[in-house]
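Student: Provide a 3D model corresponding to the input given below.
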Amino acid sequence: MSNGAPKGRKQRRMTNLLLNRKFQLKYTGMIVGLSSIISVALGFFLIEQMRVNSRMLQLDAELDVVFQEQLAQSDAKMVAYLVGALVAFNLVLALGAIFVTHRMAGPIFVFRRYVRMLGEGQIPHVRKLRKGDEFRELIDTVQDAVESIVVQTKAEIEVLQRAQDAVGEGDAAVSGDLEQLIAKKRASLPED
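Tutor: Model (predicted):
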């Protein structure tokens, strides 16, 4: 590692954080949008309360111009801090939402691949999800379904082999068709 760049697993995680941009950004946007609405409402409420308190203090010090200037500066500073804190909160929330949706997008990506494989006549080798990924019950259901398909396919291969043996050399065309079907079913099975 001569250039000091991170290698391996950490580098892959950072480059693949947005596995399904549309899904992840949609839900992140919804979360941050709702949080922004709440933040703006809360901010207006707090600023209004601060202004009321400042007006009360100004009444006590009507003739003290220096105090009124300090009060105005203090109010402006508080507004800036409040806006900054709410913006920072929403940015942190957005990053958190990206990480959370990443834990959903990964399994969705894998499920889509499995469904595509099944549609192409291939039986996928179902792997366990990463620690922290969502949809564990769904992957268990997919695993059970794939195991059932494997058992059924192996049983079909046995029936086809018996049919091929029964046909034997008597009908070469049928025997060849059965051999192709057997080979296709064997090729569809996941590698162990």
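Student: what's the helix or strand that contains K184 packed up against?
Tutor: Assessed by DSSP states H and E, K184 sits inside helix 172-188. For helix 172-188, the contact count by 3 or more Cβ pairs under 8 Å, 6 or more residues apart in numbering; DSSP states H and E identifies helix 136-167 as packing neighbours. Just so you know, the C-beta spots here come from the backbone N, C-alpha and C atoms, and that holds for glycine as well.
Student: list the buried ones in the helix holding K184?
Tutor: Of the residues in helix 172-188, 175, 178, 182, 185, 188 count as buried by neighbour count, 16 or more other Cβ atoms under 10 Å.
Student: count the residues that sit near the closest residue to G132 other than its chain neighbours.
Tutor: Leaving aside its chain neighbours, G132 sits nearest to R103 (5.6 Å; criterion: Cβ to Cβ, 6 or more residues apart in numbering). When counting by other Cβ atoms under 10 Å, one arrives at 16 neighbours for R103.
Student: okay, R103: pLDDT?
Tutor: The predicted local distance difference test score for R103 is 86.
Student: now for the helix or strand where N90 lies, which elements pack on it?
Tutor: Counting by DSSP H and E, the element that carries N90 is helix 65-119. Under the contact definition 3+ Cβ pairs under 8 Å, 6+ apart, helix 65-119 sits against helix 21-60, helix 136-167.
Student: returning to what we had before: and the residue nearest to G132, what is it in contact with?
Tutor: Listed by Cβ atoms under 8 Å, 6 or more residues apart in numbering, the contact set of R103 reads 132-134.
Student: including secondary structure, distance to M30 and pLDDT, could these go into a markdown table?
Tutor: Below are these laid out as a markdown table (DSSP: H, G, I helix; E, B strand; the rest coil; distance: Cβ to Cβ, whole Å; pLDDT from 0 to 100):
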| residue | secondary structure | distance to M30 | pLDDT |
| --- | --- | --- | --- |
| G132 | coil | 22 | 81 |
| D133 | coil | 21 | 85 |
| E134 | coil | 17 | 87 |
